[in-house]
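> Would you be able to build a 3D model of this:
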Amino acid sequence: MNSTKAGYLILAGLMLLGVFQHAWYWPQLPERVATHFGIDGKPNDWMSRSASTIVFLALQLGVPVFMLAMTSLAARMPVSMVNIPNREYWLHAERRVATMAHMSLMMTWIAVITSLFMTVIGHLTFIANKTGDGLNLPLFLSALVIFLIAVFTIAGSSMWHFRMPRQ
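Numbers count the residues shown, from 1 in each chain. Presented below is the predicted three-dimensional model:
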(Lines give C-alpha, C1' and ligand atoms only; values in the text may rest on other atoms or scores of the structure.)
Protein backbone atom coordinates (compact mmCIF):
# COMPACT_ATOMS: atom_id res chain seq x y z
CA MET A 1 0.00 0.00 0.00
CA ASN A 2 1.39 3.41 -0.91
CA SER A 3 1.50 6.42 1.41
CA THR A 4 -1.38 8.22 -0.28
CA LYS A 5 -3.71 5.24 0.14
CA ALA A 6 -2.59 4.85 3.76
CA GLY A 7 -3.37 8.54 4.28
CA TYR A 8 -6.84 8.07 2.76
CA LEU A 9 -7.53 5.15 5.11
CA ILE A 10 -6.33 7.08 8.15
CA LEU A 11 -8.36 10.10 7.06
CA ALA A 12 -11.48 7.96 6.61
CA GLY A 13 -10.91 6.54 10.10
CA LEU A 14 -10.50 10.01 11.60
CA MET A 15 -13.64 11.23 9.85
CA LEU A 16 -15.56 8.24 11.17
CA LEU A 17 -14.11 8.95 14.62
CA GLY A 18 -15.39 12.53 14.29
CA VAL A 19 -18.91 11.28 13.57
CA PHE A 20 -18.76 8.92 16.57
CA GLN A 21 -17.33 11.71 18.70
CA HIS A 22 -20.30 13.94 17.95
CA ALA A 23 -22.77 11.10 18.51
CA TRP A 24 -21.11 10.22 21.84
CA TYR A 25 -21.07 13.75 23.21
CA TRP A 26 -24.46 14.87 21.83
CA PRO A 27 -26.56 13.69 24.81
CA GLN A 28 -23.96 15.00 27.27
CA LEU A 29 -23.95 18.58 25.94
CA PRO A 30 -26.10 21.40 27.25
CA GLU A 31 -28.71 22.94 24.95
CA ARG A 32 -26.53 26.06 24.67
CA VAL A 33 -22.98 25.07 23.68
CA ALA A 34 -19.90 27.26 24.00
CA THR A 35 -18.33 27.41 20.54
CA HIS A 36 -15.65 30.04 20.96
CA PHE A 37 -13.24 30.71 23.78
CA GLY A 38 -11.20 33.76 24.69
CA ILE A 39 -7.48 33.93 25.36
CA ASP A 40 -8.24 33.04 28.98
CA GLY A 41 -10.03 29.84 27.95
CA LYS A 42 -13.42 31.15 29.03
CA PRO A 43 -16.33 30.83 26.58
CA ASN A 44 -17.39 34.01 24.80
CA ASP A 45 -19.74 32.75 22.07
CA TRP A 46 -22.44 30.08 22.02
CA MET A 47 -24.73 28.18 19.65
CA SER A 48 -27.55 25.77 20.11
CA ARG A 49 -26.47 22.16 20.51
CA SER A 50 -27.98 21.30 17.10
CA ALA A 51 -26.38 24.22 15.26
CA SER A 52 -22.96 23.65 16.83
CA THR A 53 -23.06 19.95 15.97
CA ILE A 54 -23.99 20.68 12.36
CA VAL A 55 -21.30 23.37 11.99
CA PHE A 56 -18.51 21.44 13.74
CA LEU A 57 -19.28 18.18 11.97
CA ALA A 58 -19.54 19.93 8.59
CA LEU A 59 -16.14 21.53 9.18
CA GLN A 60 -14.59 18.35 10.55
CA LEU A 61 -15.69 16.39 7.49
CA GLY A 62 -15.72 19.16 4.90
CA VAL A 63 -12.31 20.76 5.36
CA PRO A 64 -10.27 17.59 4.66
CA VAL A 65 -12.52 16.65 1.74
CA PHE A 66 -12.11 20.17 0.33
CA MET A 67 -8.31 19.85 0.61
CA LEU A 68 -8.35 16.59 -1.34
CA ALA A 69 -10.74 18.05 -3.91
CA MET A 70 -8.42 21.02 -4.48
CA THR A 71 -5.55 18.65 -5.20
CA SER A 72 -7.70 16.78 -7.69
CA LEU A 73 -8.71 20.07 -9.27
CA ALA A 74 -5.07 21.21 -9.49
CA ALA A 75 -4.36 18.27 -11.80
CA ARG A 76 -6.83 19.77 -14.29
CA MET A 77 -5.75 23.40 -13.97
CA PRO A 78 -3.48 25.21 -16.38
CA VAL A 79 0.13 25.38 -15.24
CA SER A 80 -0.19 29.12 -14.58
CA MET A 81 -2.79 28.48 -11.86
CA VAL A 82 -0.78 25.90 -9.88
CA ASN A 83 1.36 27.55 -7.23
CA ILE A 84 4.48 25.47 -6.61
CA PRO A 85 8.13 26.46 -6.87
CA ASN A 86 9.61 26.09 -10.34
CA ARG A 87 6.20 25.13 -11.69
CA GLU A 88 7.16 25.29 -15.37
CA TYR A 89 9.83 22.66 -14.73
CA TRP A 90 7.78 20.42 -12.42
CA LEU A 91 4.57 20.64 -14.43
CA HIS A 92 6.22 19.97 -17.78
CA ALA A 93 4.43 17.10 -19.53
CA GLU A 94 7.14 14.54 -18.69
CA ARG A 95 7.02 15.35 -14.93
CA ARG A 96 3.41 16.43 -14.47
CA VAL A 97 2.00 13.04 -13.37
CA ALA A 98 4.73 12.52 -10.78
CA THR A 99 4.38 16.11 -9.57
CA MET A 100 0.62 15.74 -9.14
CA ALA A 101 1.18 12.46 -7.28
CA HIS A 102 3.54 14.25 -4.89
CA MET A 103 1.08 17.11 -4.42
CA SER A 104 -1.68 14.59 -3.73
CA LEU A 105 0.50 12.84 -1.16
CA MET A 106 1.35 16.14 0.52
CA MET A 107 -2.27 17.31 0.67
CA THR A 108 -3.50 13.91 1.85
CA TRP A 109 -1.21 14.05 4.86
CA ILE A 110 -2.04 17.70 5.55
CA ALA A 111 -5.72 16.68 5.45
CA VAL A 112 -4.96 13.85 7.90
CA ILE A 113 -3.17 16.22 10.27
CA THR A 114 -5.96 18.79 9.94
CA SER A 115 -8.61 16.16 10.65
CA LEU A 116 -6.69 14.95 13.69
CA PHE A 117 -6.30 18.52 14.95
CA MET A 118 -10.01 19.19 14.46
CA THR A 119 -10.86 15.97 16.33
CA VAL A 120 -8.68 17.09 19.26
CA ILE A 121 -10.20 20.58 19.23
CA GLY A 122 -13.67 19.03 19.12
CA HIS A 123 -12.84 16.85 22.10
CA LEU A 124 -11.48 19.81 24.08
CA THR A 125 -14.59 21.83 23.22
CA PHE A 126 -16.90 19.00 24.25
CA ILE A 127 -15.06 18.56 27.55
CA ALA A 128 -15.19 22.32 28.21
CA ASN A 129 -18.95 22.28 27.64
CA LYS A 130 -19.49 19.13 29.66
CA THR A 131 -17.53 20.34 32.69
CA GLY A 132 -18.16 24.08 32.40
CA ASP A 133 -14.49 24.70 33.27
CA GLY A 134 -13.54 26.45 30.03
CA LEU A 135 -11.09 25.33 27.38
CA ASN A 136 -7.97 23.49 28.52
CA LEU A 137 -5.46 26.02 27.17
CA PRO A 138 -2.28 23.98 27.74
CA LEU A 139 -3.72 21.07 25.74
CA PHE A 140 -5.11 23.40 23.08
CA LEU A 141 -1.79 25.20 22.66
CA SER A 142 0.13 21.92 22.61
CA ALA A 143 -2.17 20.57 19.88
CA LEU A 144 -1.83 23.81 17.93
CA VAL A 145 1.97 23.77 18.10
CA ILE A 146 2.13 20.11 17.04
CA PHE A 147 -0.31 20.80 14.19
CA LEU A 148 1.71 23.80 12.96
CA ILE A 149 5.02 21.94 13.18
CA ALA A 150 3.57 19.03 11.21
CA VAL A 151 2.07 21.26 8.50
CA PHE A 152 5.24 23.32 8.14
CA THR A 153 7.34 20.15 8.02
CA ILE A 154 5.25 18.76 5.17
CA ALA A 155 5.23 22.12 3.36
CA GLY A 156 8.97 22.50 3.86
CA SER A 157 9.68 19.02 2.56
CA SER A 158 7.57 19.81 -0.50
CA MET A 159 9.46 23.06 -1.06
CA TRP A 160 12.65 21.00 -0.91
CA HIS A 161 11.18 18.43 -3.28
CA PHE A 162 10.21 21.12 -5.81
CA ARG A 163 13.58 22.86 -5.84
CA MET A 164 15.38 22.92 -9.17
CA PRO A 165 17.53 19.82 -9.60
CA ARG A 166 21.20 20.32 -10.20
CA GLN A 167 22.03 20.26 -13.86
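> Any idea how many residues pack against Met47?
16 (other C-beta atoms under 10 Å). Where you see a C-beta, it was placed from the backbone N, CA and C, and this is true even at glycine.
> Let's verify the nearest residue to it once chain neighbours are set aside: helix, strand, or coil?
When the adjacent residues along the chain are set aside, Met47 lies closest to Thr35, with 4.9 Å between them (C-beta to C-beta, 6 or more residues apart in numbering). Of the three states, Thr35 takes strand under DSSP: H, G, I helix; E, B strand; the rest coil.
> Please give me every residue in contact with Thr35.
The contact partners of Thr35, taken as C-beta atoms under 8 Å, 6 or more residues apart in numbering, are 43, 45-47, 52, 55-56, 125.
> cutoff 7 Å now
Going by C-beta atoms under 7 Å, 6 or more residues apart in numbering, Thr35 touches 45-47, 52.
> repeat for Leu11
64, 108, 111-112, 115.
> Same list, those, but as JSON lines with pLDDT please.
Listed next are the contacts of Leu11 as JSON lines, based on pLDDT from 0 to 100:
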{"residue": "Pro64", "pLDDT": "94"}
{"residue": "Thr108", "pLDDT": "94"}
{"residue": "Ala111", "pLDDT": "96"}
{"residue": "Val112", "pLDDT": "96"}
{"residue": "Ser115", "pLDDT": "96"}
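> May I ask which two of those are separated the most?
Thr108 and Ser115 (10.6 Å; C-beta to C-beta).
> who touches the residue of the chain most remote from its centre in this structure?
Farthest-out residue of the chain from its mean C-alpha position, per C-alpha atoms, centre = their mean: Gln167, at 36.6 Å. Residues counted as contacts of Gln167 (C-beta under 7 Å, 6+ apart): none.
> any chance you could map the strands in the protein?
Taking DSSP state E, the strands of the chain run over residues 32-37, 43-48.
> Any chance of CSV for the ones you listed, columns mean pLDDT and distance to Thr4?
Shown next, in CSV, are the strands of the chain (pLDDT from 0 to 100; distance: least, C-beta to C-beta, whole Å):
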stretch, mean pLDDT, distance to Thr4
strand 32-37, 94, 34
strand 43-48, 94, 36
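> From Met15, how far off is the most centrally placed residue in the chain?
With distances taken as C-alpha atoms, centre = their mean, Thr114 lies nearest the centre of the chain, 1.9 Å away. Using C-beta to C-beta, to the nearest Å, Thr114 is found at 11 Å from Met15.
> Perfect, that will be all.
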